[in-house]
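> model the following, please.
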Amino acid sequence: MSSKSLSDLLVKNKIATRNDNFYAWRCLSALGLDTNDGVVRISMTHYNSLEDTKKLLSALSRI
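Take a look at the predicted model:
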């Protein structure tokens, strides 16, 4: 699955995310990843709750 497709599905599940190369195209290229599709970024930090994490894991398990 492309990172764009995964990101779009997560957004439909009301999980804020996006895909891109995030200016790390040389690293992605070295890893053999498509630099145009990139990777998925899910930003989580100290203000995310356990419920936020459960929601993310639940959405990922359905995908």
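
> only C-alpha atoms for contact and neighbour calcs from this point on.
OK.

> ok, residues contacting the longest helix anywhere in the chain?
When the chain is parsed with DSSP state H, its longest helix is helix 50-62. With C-alpha atoms under 8 Å, 6 or more residues apart in numbering as the test, helix 50-62 has contacts from Leu10, Asn13, Ile15.

> which residues does stretch 35-45 contact?
Residues contacting stretch 35-45 (C-alpha under 8 Å, 6+ apart): 2-4, 6-7, 16-22, 25, 28-29.

> out of those residues, grab the one that's most surrounded.
Taking other C-alpha atoms under 10 Å as the neighbour criterion, Ser7 ranks highest of these with 21 neighbours.

> so who does that residue touch?
Thr17, Arg18, Asn19, Val40.

> any idea how far Asn48 is from the third one?
Translated: Asn19. Distance, Asn19 to Asn48, using C-alpha to C-alpha, to the nearest Å: 20 Å.

> averaged pLDDT, stretch 50-61. What do you get?
Across stretch 50-61, pLDDT averages out at 95.

> buried residues of that stretch, list them for me.
For stretch 50-61, burial by neighbour count (16 or more other C-alpha atoms under 10 Å) applies to Leu56, Ala59.

> that one: how far from the chain's middle?
13 Å (C-alpha atoms, centre = their mean, to the nearest Å).

> quick one: Phe22 is in a strand?
No - applying DSSP: H, G, I helix; E, B strand; the rest coil, one finds Phe22 to be coil, outside a strand.

> grab the nearest non-local neighbour of it.
In this structure, Phe22 finds its nearest non-sequential neighbour in Gly38, 7.7 Å apart by C-alpha to C-alpha, 6 or more residues apart in numbering.

> ok, Leu33 - contacts?
Counting by C-alpha under 8 Å, 6+ apart, Leu33 makes contact with nothing.

> again with Tyr23
Tyr23 makes contact with no residue under the criterion C-alpha under 8 Å, 6+ apart.

> picking that back up, so which of the contacts of Ser7 are in helices?
Short answer: the contacts of Ser7 have none in helices (DSSP H).

> turn those residues into a markdown table, including distance to Arg62 and pLDDT.
Shown next, in a markdown table, are those (distance: C-alpha to C-alpha, whole Å; pLDDT from 0 to 100):
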| residue | distance to Arg62 | pLDDT |
| --- | --- | --- |
| Thr17 | 17 | 94 |
| Arg18 | 18 | 93 |
| Asn19 | 19 | 96 |
| Val40 | 17 | 96 |
